[in-house]
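S.K.: Turn this into a model:
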Amino acid sequence: MRFIDDWHNRLAPESKNVTLYHLGIDYDFLPEYGMKLVAGRNFSSDFKTDKKAVLLNESAVKALGFESPSKAVNDFVVRRDTLKLSEL
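M.R.: Numbers count the residues shown, from 1 in each chain. Below is the predicted model:
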């Protein structure tokens, strides 16, 4: 696992500032819309830590400099607080 601020080093010099927009969802969102995950797992009411977890789409994975969606699982995104990537 990387240090929290190491994500900044993955970005190309011209894209050190990445803007991502977020939408609050719960564990029913993906099944309701028939969406499939490429890597990781969906949110679950069994994991209280999911309240601070995020799902990223493939464009966000690329913009943040991850090699692949599976490489992003269990990494971090820094926002106003630190969010652990436990699903994608």
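
S.K.: buried residues in stretch 26-46?
M.R.: Within stretch 26-46, the residues that count as buried by 16 or more other C-beta atoms under 10 Å are 27, 30, 39-40, 42-43. The C-beta positions use only the backbone N, C-alpha and C, and glycine is treated the same way.

S.K.: Which one among the residues you listed sits at the bottom for pLDDT?
M.R.: Lowest pLDDT within the buried residues of stretch 26-46 is found at Y27 (89).

S.K.: coming back round to it: show me which pair in the buried residues of stretch 26-46 is furthest apart.
M.R.: Y27 and A39 (16.9 Å; C-beta to C-beta).

S.K.: follow-up on the earlier one: can you lay out the buried residues of stretch 26-46 as TSV showing distance to A60?
M.R.: Formatted as TSV, the buried residues of stretch 26-46 follow (distance: C-beta to C-beta, whole Å):
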residue	distance to A60
Y27	20
L30	16
A39	13
G40	13
N42	17
F43	16
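
S.K.: between those residues, which is nearest S59?
M.R.: The closest of these, once distances to S59 are taken by C-beta to C-beta, is A39, at 14.4 Å.

S.K.: Help me confirm that the closest one comes into contact with S68.
M.R.: Yes - between A39 and S68 there is a contact under C-beta atoms under 8 Å: 7.5 Å.

S.K.: Just the buried positions in stretch 54-63, please.
M.R.: Buried residues in stretch 54-63 (16+ other C-beta under 10 Å): 54-56, 60-61.
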